[in-house]
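Student: I would like to see how this sequence folds:
(chains A and B)
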There are 2 protein chains.
Amino acid sequence: MSPDLAEALNTVAARIEATLDALLPLPGGPERRVVEAMRYASLAGGKRLRPFLVVEGARLFDVAPGQALRAAAAIEMVHCYSLVHDDLPAMDDDDMRRGRPTVHKAFDEATAILAGDGLLTRAFEVLADPATHTDGAVRCALVAALAKAAGAEGMVGGQMIDLAAEHRATEIGEVTRLQRLKTGALIHFACLAGPIMAHAPAQLRDAMHFYAQDFGLAFQMADDLLDVEGDAAALGKATGKDAGRGKATFVSMLGTARARDQASRLADRAAAHLAPFGAGAERLRMLARWAVERRN
Amino acid sequence: MSPDLAEALNTVAARIEATLDALLPLPGGPERRVVEAMRYASLAGGKRLRPFLVVEGARLFDVAPGQALRAAAAIEMVHCYSLVHDDLPAMDDDDMRRGRPTVHKAFDEATAILAGDGLLTRAFEVLADPATHTDGAVRCALVAALAKAAGAEGMVGGQMIDLAAEHRATEIGEVTRLQRLKTGALIHFACLAGPIMAHAPAQLRDAMHFYAQDFGLAFQMADDLLDVEGDAAALGKATGKDAGRGKATFVSMLGTARARDQASRLADRAAAHLAPFGAGAERLRMLARWAVERRN
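Tutor: Modelled structure (predicted):
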């Protein structure tokens, strides 16, 4: 990763950590436990990829940084809630995440379910708050777009397909659709939040839309490759899970060489979509390249 | 129950059923299963108490019925999601609800978790849609108020306390606070949705606020009484659960006689708060009386 990109990622990560910390204050009452779990789940570091996409996408449209950070924090809450629920024994049954026990291991299952529910709910509350944007119609557009990306037409639908698909053969078109729902929809919203907040013209909004589509698929292909070839210690979670579960992935469908080749071409295409933004979008271009070359 | 109130409840219940049906269309893809579970959880009949509070509260302020029904459907989705998650084995572990197998029994645990997530998410999407109100700021006020009522400061926080409290003694003040969070907050939002949509003056909004507070507590006391004295067949769920779990309830704290007396006085007080609305609020007054006299 270039030092420029690394520094920019670290800067956004630190700001998101501070924003989440402020948006999730610990109450004094006995409900404190669920907020502790919400904080454990969301203040756990991580790449903060989606917040970075929000912040960089918003910067291209001169959105106020403080407002972009709130939208970025909301989307990260939704991402973290999805990890907490996906890790549950009834779902993917994972014990480790980012090198730490998952929420239901560190707390218990009931608390993990409630913490996920609480993060999802809080995300919408943050978006609806006037501090996120002065125009109520824009705030509602963010709420609606996040809900669409996170719900049964997006992430929740994708996880449903993923669970159902674990023990049956799947065609490449189905794998692509699953990933567009399960991980692509939220990445897509992250890229579109800035344009929505800025009332961006259709042409520039479309540029971000196509970037998001190709970036999302490239990122997921790289994830599938890391599950086969990656180092568990660097990843902070177990590898080889997909094969162990008989999951159809881009790698099981295409093989590692073709998957790597396609991911690389998608990353190039994602970067090319950003031509209308000129040099201002250089970090997002570097991010696409990094997405397919990363080791964790 | 008076025939008037019964007819009004049935009318709202039928309209909510139709509204939910329209708002939860079945997709064609393999994610269909989660939407089937969302429909199973929310099209299951039930009293539709919260939608009734929304619709009657909105009528007092001349809110367009179609808009009130959308807000009512959103709050019912949140109520149903909370039942699906609360029924999970890791939470209250209930097999029956409204005389039918709970969602994780009729489907499976993973689908139940996702169906709850999907309903919660869809609720916010419905509120944020311009069809719910022309003013974006009003729609955001609904989103924010529902999120506050449903999240860690409300329902989720209440359920956390409830789980933690199952095996320790609790004072009456703590039981009251638990119920204000766990069931009171959502009932409160149901009563306030109409005033919010109508930009109601503070005095009338306060009248609904105080009605909601007393009604919510009275309703919960009656629920605790039914768990001790009710008929499982009429309720469609097991009774004696609270005592079996060692839960502190209004009944275990006050005894049945005092709990019944207090519930009755709270219902009277709730009705009295509605004086500023005159005869127009008669159904809400009857509802308060019914809440503490019902058999299911």
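
Student: Flag the shaky bits of the stretch 151-296 of chain A, pLDDT-wise.
Tutor: In the predicted model, the stretch 151-296 of chain A carries pLDDT under 70 at residues A:166-169.

Student: Now the residue in it positioned nearest to chain B: closest residue in space that isn't a chain neighbour?
Tutor: Nearest to chain B, among the residues of the stretch 151-296 of chain A, is A:Gly157, at 3.3 Å (CB to the nearest CB). Where C-beta positions appear, they are placed from N, C-alpha and C, glycine not excepted. In this structure, A:Gly157 finds its nearest non-sequential neighbour in B:Glu31, 3.3 Å apart by CB to CB, 6 or more residues apart in numbering or on different chains.

Student: So what touches the helix or strand containing the residue of the stretch 151-296 of chain A closest to chain B?
Tutor: Using DSSP states H and E, the element containing A:Gly157 is helix A:155-165. With contact meaning CB atoms under 8 Å, 6 or more residues apart in numbering or on different chains, helix A:155-165 is reached by A:78, A:82, A:86, A:91, A:149-152, A:174, A:177-183, A:185-186, A:247-248, B:27, B:29-31, B:33-35, B:110-111, B:114, B:117-118, B:121.

Student: Leaving out sequence neighbours, find the closest residue to the residue most central in space within chain A.
Tutor: When CA atoms, centre = their mean is applied to chain A, the residue found nearest the centroid is A:Arg50 (4.6 Å). Nearest residue to A:Arg50 in three dimensions, chain neighbours excluded: A:Ala190, at 4.3 Å (CB to CB, 6+ apart).

Student: my guess is the residue nearest to A:Gly157 contacts A:Gly151, does it?
Tutor: No - using CB atoms under 8 Å, B:Glu31 is not in contact with A:Gly151; the gap is 10.1 Å.

Student: which parts of the helix or strand hosting the residue nearest to A:Arg50 are buried?
Tutor: A:Ala190 is part of helix A:185-197 when elements are defined by DSSP H and E. Using 16 or more other CB atoms under 10 Å in any protein chain shown as the test for burial, helix A:185-197 gives A:185-197.

Student: Check stretch A:194-211 too.
Tutor: Neighbour-count burial for stretch A:194-211 flags A:Gly194, A:Pro195, A:Ile196, A:Met197, A:Ala198, A:Ala200, A:Leu204, A:Arg205, A:Ala207, A:Met208, A:Tyr211 (criterion: 16+ other CB under 10 Å).

Student: What lies in contact with it?
Tutor: With contacts defined as CB under 8 Å, 6+ apart, stretch A:194-211 is touched by A:54, A:56-63, A:67-68, A:71, A:133, A:138, A:141-142, A:145, A:188, A:191-192, A:270-271, A:273-277, A:284, A:288.

Student: at 6 Å what do you get?
Tutor: Here stretch A:194-211 makes contact (CB atoms under 6 Å, 6 or more residues apart in numbering or on different chains) with A:57-58, A:61, A:63, A:133, A:138, A:141-142, A:191, A:270, A:273-274, A:276.

Student: hmm, back to that, how distant is the helix holding A:Ala190 from the center of its chain?
Tutor: In terms of CA atoms, centre = their mean, to the nearest Å, the centre of helix A:185-197 is found 11 Å from the chain centre.

Student: next one: stretch A:2-13
Tutor: 17 Å.

Student: For chain A, which residues are neighbours of chain B?
Tutor: Residues of chain A lying near chain B by CB under 6 Å from any CB of the partner chain: A:30-31, A:33-35, A:85, A:90-91, A:109-110, A:113-114, A:117-118, A:121-122, A:124-125, A:128, A:136-137, A:139-140, A:143-144, A:147, A:150-152, A:156-157, A:159-161, A:163-164.

Student: picking that back up, so which pair among the buried residues of helix A:185-197 is furthest apart in space?
Tutor: Spanning the widest gap among those are A:Ala185 and A:Met197, at 18.5 Å by CB to CB.

Student: rewinding a little: how about the residue nearest to A:Gly157, phi and psi?
Tutor: Here is the backbone geometry of B:Glu31 (degrees, to the nearest 10): phi -80, psi 0.

Student: Report the separation between it and B:Ala37.
Tutor: Distance from B:Glu31 to B:Ala37, counting by CB to CB, to the nearest Å: 11 Å.

Student: Same check on A:Pro3?
Tutor: Distance from A:Pro3 to B:Ala37, by CB to CB: 48 Å.

Student: out of those two, which sits in the busier spot?
Tutor: Ranked by neighbour count (other CB atoms under 10 Å in any protein chain shown), A:Pro3 and B:Ala37 place B:Ala37 first, with 27 against 7.

Student: The helix or strand the more buried one falls within - what's its average pLDDT?
Tutor: Following DSSP H and E, one finds B:Ala37 within helix B:32-42. Helix B:32-42 carries an average pLDDT of 98.

Student: and that helix, is it in reach of chain A?
Tutor: Yes - using CB under 6 Å from any CB, helix B:32-42 reaches chain A at B:Arg33, B:Val34, B:Val35.

Student: Which parts of the stretch 1-150 of chain A are strands?
Tutor: A:96-97, A:100-101 (DSSP state E, counting those that start in this stretch).

Student: Could you check the pLDDT of the nearest residue to A:Gly280 once chain neighbours are set aside?
Tutor: Distances taken as CB to CB, 6+ apart place A:Leu60 nearest to A:Gly280, at 5.7 Å, with adjacent residues excluded. Per-residue confidence (pLDDT) for A:Leu60: 98.

Student: Repeat that for the one 3 residues further on.
Tutor: If you check A:Val63, the pLDDT there is 98.

Student: Could I get the contacting residues of it?
Tutor: A:Gly194, A:Met197, A:Ala198.

Student: Spit out the contact partners of the closest residue to A:Pro27 other than its chain neighbours.
Tutor: Nearest non-adjacent residue to A:Pro27, counting by CB to CB, 6+ apart: A:Val35, 6.0 Å away. Residues in contact with A:Val35, defined by CB under 6 Å, 6+ apart, are A:Leu26, A:Pro27, B:Ala152.

Student: Out of those residues, who's the most crowded?
Tutor: B:Ala152 (30 neighbours).

Student: ok, that residue - contacts?
Tutor: A:Val34, A:Val35, A:Gly118.

Student: same thing but 8 Å
Tutor: For B:Ala152, the contacting residues are A:Pro27, A:Glu31, A:Val34, A:Val35, A:Met38, A:Gly118, A:Thr121, A:Arg122, B:Met160, by CB under 8 Å, 6+ apart.

Student: Is there a quick PyMOL command that grabs whichever of the residues you listed are buried?
Tutor: To isolate the buried ones among the contacts of B:Ala152 in PyMOL, judged by 16+ other CB under 10 Å, type:
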select buried, (chain A and resi 31+34+35+38+118+121+122) or (chain B and resi 160)
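
Student: how deep is A:Gly157 tucked in, by neighbour count?
Tutor: Neighbour tally, A:Gly157, other CB under 10 Å: 27.
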